[in-house]
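> attaching a predicted model along with its sequence, questions to come.
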Amino acid sequence: MLHRSDRQALLFLLCLAVAILLALHFAGDEVTDTASLTDPNPKGDGQEVAAGKKAAPSYYAQPVEHSPERFAFDPNTADSTQLLRLGLQPWQVRNIYKYRACGGIYRRKEDFARLYGLTAKQYKELEPYIRISSDYLPATTLFPEDRQQRDTLQGSHKLGVGETVDLTVADTAELRRVPGIGSYYARRIVAYGERLGGYVSTSQLKEIESFPETALAYFIVSSSEVRKLNINQLSLNDLKRHPYINYYQARAIIDYRRQHGRIADLSDLRLLPDFPAEAIERLRPYVCY
């Protein structure tokens, strides 16, 4: 025989169970009704296929593709809307803005070709529409006559046929006298000579990127004295600074010294895969033992 308090507890639990069952029953009916309202195929997939209907449309947002437009633009002033209309990617537009914010200027059409990610096909399509404002040209172009007179007074006239410049002693001012060589290449010639330790042949100028080979006839090398590298003493970092020694060759030299001792001649390295015969001969004038 249950006590009165036990009967009350049991009755409470029964009522709670009935309430839960009723709640689940009504919740199931609501889900079914909602599904019937939102189901794009309430009659079933079999009936829809049989009727020849298309599959239900996707509810995800689809990107809208726009065909690139073509119109005249100045990469120094074009805004993001114009650049996107041209077919450039958003990250490319951001790179253009960063370049301009850092003081970068597109002075020629070719400068725009350096945009990261721009393909040759895209540039060829855009090139006819690029318009560089004269406001972004060097200020010296405003006074061409004054510049010509100044160059004449400084003796910077170009060399004639048969005249030459000695690479071993020429400075940038004398190098600019060579036809086809301006300030840019004059600086590159001097800088590359410093990295080499001196020129031993005029053909080494062709190792400078995009060097105008028509200018080679105006150069000579009167002395083969160069700054040499002590191949048995220099560290890996010092060795790989030379244009003719890359990281793997420098490491091969260090490993050879550790395993075999001093190097008596570059021919000692001829069996190493990083030192083909042409690499050894090119480096030979620049090393000592």
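The structure has been received and is ready for your questions.

> name the element D238 belongs to?
helix 236-239 (DSSP states H and E).

> quick one: residues in contact with that helix.
Helix 236-239 has contacts (CB atoms under 8 Å, 6 or more residues apart in numbering) with 229, 231, 245, 247, 249-251, 253-254. Using the backbone N, CA and C atoms, a C-beta is placed for each residue, glycine as well.

> drop anything exposed from the residues you listed.
229, 231, 245, 249-250, 253 (16 or more other CB atoms under 10 Å).

> which of the helices and strands in this protein ranks last by mean pLDDT?
In the chain, the helix or strand scored least confidently by mean pLDDT, DSSP states H and E is helix 45-50, which has a mean of 46.

> K206 touches L216, doesn't it?
Yes - between K206 and L216 there is a contact under CB atoms under 8 Å: 7.5 Å.

> hmm, V287 is touching N232, no?
No - V287 lies out of contact with N232 (CB under 8 Å); the separation is 9.3 Å.

> more neighbours: those two, which one.
Per other CB atoms under 10 Å, whichever of V287 and N232 has more neighbours is V287, with 22 against 14.

> what sits closest to that one if chain neighbours are left out?
The shortest distance from V287 to any residue other than its chain neighbours is 4.7 Å, reached at I231 (CB to CB, 6 or more residues apart in numbering).

> so who does that neighbour touch?
239, 253, 263, 266, 287-289.

> show me the contacts for L205.
167, 189, 192, 199, 211, 215-216, 219.

> what's the spacing between it and V190?
12 Å (CB to CB, to the nearest Å).

> so which residues of the stretch 101-250 of the chain form helices?
With DSSP state H, counting those that start in this stretch, the ranges of helices along the stretch 101-250 of the chain come out as 109-112, 120-126, 144-153, 172-175, 183-196, 236-239, 247-260.

> compare the mean pLDDT across these and name the weakest.
When those are compared by mean pLDDT, helix 144-153 comes last with a mean of 50.

> quick one: residues contacting the most centrally placed residue in the chain.
Centroid-nearest residue in the chain, with CA atoms, centre = their mean: Y116, separated by 5.4 Å. Neighbouring residues of Y116 by CB under 8 Å, 6+ apart: 92, 95.

> G117 too?
With contacts defined as CB under 8 Å, 6+ apart, the neighbours of G117 are 89, 91-92.

> among the residues you listed, who's most crowded?
For these, the largest number of neighbours (other CB under 10 Å) sits with Q92, at 18 neighbours.

> so who does that one touch?
With contacts defined as CB under 8 Å, 6+ apart, the neighbours of Q92 are 83, 115-118.

> and the average pLDDT for the helix or strand it falls within is what?
Per DSSP H and E, Q92 falls inside helix 90-101. Averaging pLDDT along helix 90-101 yields 92.

> show me which residues of it are buried.
92-93, 95-96, 99.

> repeat for stretch 67-78
73, 75-76, 78.

> try stretch 198-207
Quick answer for stretch 198-207 (16+ other CB under 10 Å): 198-200, 202, 204-205.

> and the residue lying closest to L83 once chain neighbours are set aside, how far is that from H157?
The shortest distance from L83 to any non-neighbouring residue, by CB to CB, 6+ apart, is to V93 (4.6 Å). Separation of V93 from H157 (CB to CB): 46 Å.

> how about the strands in this protein?
165-166, 219-220, 229-230, 287-288 (DSSP state E).

> now render those as TSV, adding mean pLDDT and distance to L14.
Listed next are the strands of the chain as TSV, based on pLDDT from 0 to 100; distance: least, CB to CB, whole Å:
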stretch	mean pLDDT	distance to L14
strand 165-166	94	110
strand 219-220	94	108
strand 229-230	94	98
strand 287-288	94	100
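
> got TSV for the ones you listed, with distance to I181 too?
Output for the strands of the chain, formatted as TSV (distance: least, CB to CB, whole Å):
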stretch	distance to I181
strand 165-166	9
strand 219-220	9
strand 229-230	29
strand 287-288	30
